[in-house]
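K.L.:
quick check, what structure comes out for this input:
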Amino acid sequence: MFTALNKKEQIRTRIAPSPTGTLHIGTARAALFNFLFARHNKGEFFLRIEDTDEERSKPEFEQDIIDNLKWLGLEWDGKILKQSQRKEIYTKYIKQLLDSGKAFWCYHTKEELEKEKQDQQNRGEPQIHFCRNKNEQNSKLKIKNLKLTAVIRLKCPNKKIVFDDLIRGKIEFDSSLIGDIVIAKDKKSPLYNFAVVIDDYESKITHVVRGEDHISNTPKQIMISEALGLPLPQYAHMALTLAPDKTKLSKRHGATSIQEYKEMGYLPEAMVNFMAFLGWNPGTEKEIFSLDELIKEFSIERMQKSAAIFNIEKLNWFNAYYIKKAPLKKLTELCIPYLIQDKLIEPIWGQEMVAGQARFPFETMGYKITSSEEPINFNYLQQIVKLEQERLKKLSVIGELAKFFFEEPKYDKELLRWKDMANEEIKANIDKLYNILFKIKEKNFTDQKLKDILMPIAEETGDRGKLLWPLRAALSGLRASPGPFELMAAMGKEKALRRLKTAYNKL
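P.N.:
Numbers count the residues shown, from 1 in each chain. Predicted coordinates for the structure are as follows:
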């Protein structure tokens, strides 16, 4: 049996992404559960960058991982650990295994390996390699003389490997079916399973919470730990997240990186809440959880064994909820970059936007409508966002919903028709509205005062839609929009009158 970690030891978890791509939602989900488990138990959570693949690892991907973990609120403890800076440490442990005879240099070719494997399978023997008992000096000499490529392998202990998974219970492997695994290309170039073991031990990681796709790596890591006499962390393998069609989640099912979701206008609170329910449940009907509430309620015993299904509609539901609850000023600041991106507005004093961020507070900046050069201020934008807040599912659609505030709407005159009204009746009602609104002072152009004035007149018609529908359609050019009183209050008297005049001329 293997040496277990002291249960009284402070819980320490980690997330260890490779900077060979942007932060995937699956990796972010694993980071979240490691973070929640550690914080719930008053423990520590660490970030390790596994960048030993020098050809594929990129600084921009590393920065993406760091930035998006911070954006999600998953702050780590201590410094970031980077494998590329730890080669001397790996060399020490590789040398220890070679010196003890528990690892060996393997110099056979792919063809030899395949023949050896086939012969052993035919004889029903474990997969061990013919060079495992060769003298290291002779092995090096053969490698040099024949110019062979060599690797370092761990001698398989040929035994049952059993461990208790915190999510899946008892898991058992026959190590003879695994064989003598490769642990390094040379003394300075460890492979994944070896580096993971050393890093987890050196960092005093107590719990490894990761996807079930790593279950096959676990017996290999246990063999390495046993050969070095190292204690084992406790393992917990989460079910994977699958697409609605039960296939592996990919780009064809929607965005898969956290940065893409961020750019589409999802809020970090929504992403965290959504990811928490991909494999965990609180045991109650409650669905809305802040990060602090998740820390308090999280229990690894409530992690599910079956695959979690990614449901974009559920993510949209969470996002819409958090958008509705967002403070108006903050939400407006979040929406402004999308309005600029859609070329609906521009900052008046220069292009101050850099990667979606402003050099100056959005509230203090001046703006203009791109199509008309009309100057507007933050308060105007705030009124527009307030009107659309209830309908927003993603920040990125604010331009689509609110476009009519910044550009003259284009619509067919039939949109102005309420039920079976004749053109002359519509024109008469628009003319009546124009004359009433013209006499109202600008300071009284608030939604409540406009409602107090117009609603009684609309009721007098016997069908208030006859007056209010053409008004609403003329203002927005849309079948679905905020109410006419709110629209007029937001866009102001001058623009409202201009659009009524345009509607009249259409008829």
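K.L.:
how far away is K419 from M238?
P.N.:
Computed as C-beta to C-beta, to the nearest Å, the K419 to M238 distance reads 56 Å. In this view, the C-beta of every residue, glycine as well, is placed from N, C-alpha and C.
K.L.:
of the two, which one has the most company?
P.N.:
The residue with more neighbours, out of K419 and M238, is M238; 27 against 8, by other C-beta atoms under 10 Å.
K.L.:
isn't that one up against R210?
P.N.:
Yes. At 6.9 Å, M238 counts as touching R210 under the criterion of C-beta atoms under 8 Å.
K.L.:
overlap in contacts, those two.
P.N.:
Jointly contacting M238 and R210 under the rule C-beta atoms under 8 Å, 6 or more residues apart in numbering are A30.
K.L.:
nearest residue to the residue positioned nearest the centre of the chain other than its sequence neighbours?
P.N.:
Compute the mean C-alpha point of the chain, and by C-alpha atoms, centre = their mean the closest residue is I258, 2.9 Å away. Nearest residue to I258 in three dimensions, chain neighbours excluded: N68, at 4.2 Å (C-beta to C-beta, 6 or more residues apart in numbering).
K.L.:
hang on, the one you found is in a helix, isn't it?
P.N.:
Yes. Assigned with DSSP: H, G, I helix; E, B strand; the rest coil, N68 falls within a helix.
K.L.:
Three-state assignment for K170, please.
P.N.:
Per three-state DSSP, K170 ends up strand.
K.L.:
tell me the spacing between it and L240.
P.N.:
From K170 over to L240 (counting by C-beta to C-beta), the distance is 21 Å.
K.L.:
the two: who's more crowded?
P.N.:
Shown here are K170 and L240; by other C-beta under 10 Å, L240 has more neighbours (17 against 8).
K.L.:
please report how far that one lies from Y434.
P.N.:
61 Å.
K.L.:
would you map the strands across the stretch 201-350 of the chain?
P.N.:
Secondary structure of the stretch 201-350 of the chain, counting by DSSP state E, counting those that start in this stretch: strands at 207-211, 234-238, 241-242, 308-309, 345-347.
K.L.:
would you turn these into a markdown table with mean pLDDT and distance to G492?
P.N.:
Listed next are the strands of the stretch 201-350 of the chain as a markdown table, based on pLDDT from 0 to 100; distance: least, C-beta to C-beta, whole Å:
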| stretch | mean pLDDT | distance to G492 |
| --- | --- | --- |
| strand 207-211 | 97 | 54 |
| strand 234-238 | 97 | 53 |
| strand 241-242 | 88 | 48 |
| strand 308-309 | 89 | 47 |
| strand 345-347 | 92 | 16 |
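K.L.:
nearest to I178, out of the ones you listed?
P.N.:
Counting by C-beta to C-beta, I178 lies closest to strand 234-238 out of the strands of the stretch 201-350 of the chain; the figure is 16.5 Å.
K.L.:
give me the contact list for the closest one.
P.N.:
With C-beta under 8 Å, 6+ apart, strand 234-238 has contacts from 4-5, 29-30, 33, 37, 163-168, 206-212, 214-215, 218, 279, 300, 303.
K.L.:
give me the buried entries from the residues you listed.
P.N.:
5, 29-30, 33, 37, 163, 165-168, 206-211, 214-215, 218, 279, 300, 303 (16 or more other C-beta atoms under 10 Å).
K.L.:
look at K314 and report its pLDDT.
P.N.:
As predicted, K314 sits at a pLDDT of 96.
K.L.:
report how many residues lie close to it.
P.N.:
The number of residues packed near K314 is 15, by other C-beta under 10 Å.
K.L.:
what's the answer for E75, then?
P.N.:
Neighbours around E75, by other C-beta under 10 Å: 11.
K.L.:
in three-state terms, label it for me.
P.N.:
coil.
K.L.:
ok, the residue nearest to I258 to P17 distance?
P.N.:
10 Å.
K.L.:
give me the common contacts of these two.
P.N.:
L23.
K.L.:
ok, which stretches of the stretch 1-150 of the chain are helices?
P.N.:
Ranges of helices in the stretch 1-150 of the chain, per DSSP state H, counting those that start in this stretch, are 25-40, 59-72, 87-99, 110-123, 136-146.
K.L.:
where does the chain have low pLDDT?
P.N.:
For the chain, the stretches flagged by pLDDT under 70 are 1-8, 109-114, 116-117, 119-149, 251, 253-255, 349-360.
K.L.:
tell me which residue of it is furthest from the middle?
P.N.:
Outermost in the chain, C-alpha atoms, centre = their mean: E424 at 54.6 Å.
K.L.:
mind listing what it touches?
P.N.:
Neighbours of E424 in contact, by C-beta under 8 Å, 6+ apart: none.
K.L.:
could you do T364 as well?
P.N.:
Applying C-beta under 8 Å, 6+ apart to T364 gives the contacts F378.
K.L.:
give me phi/psi at it?
P.N.:
phi -90, psi -10 (degrees, to the nearest 10).
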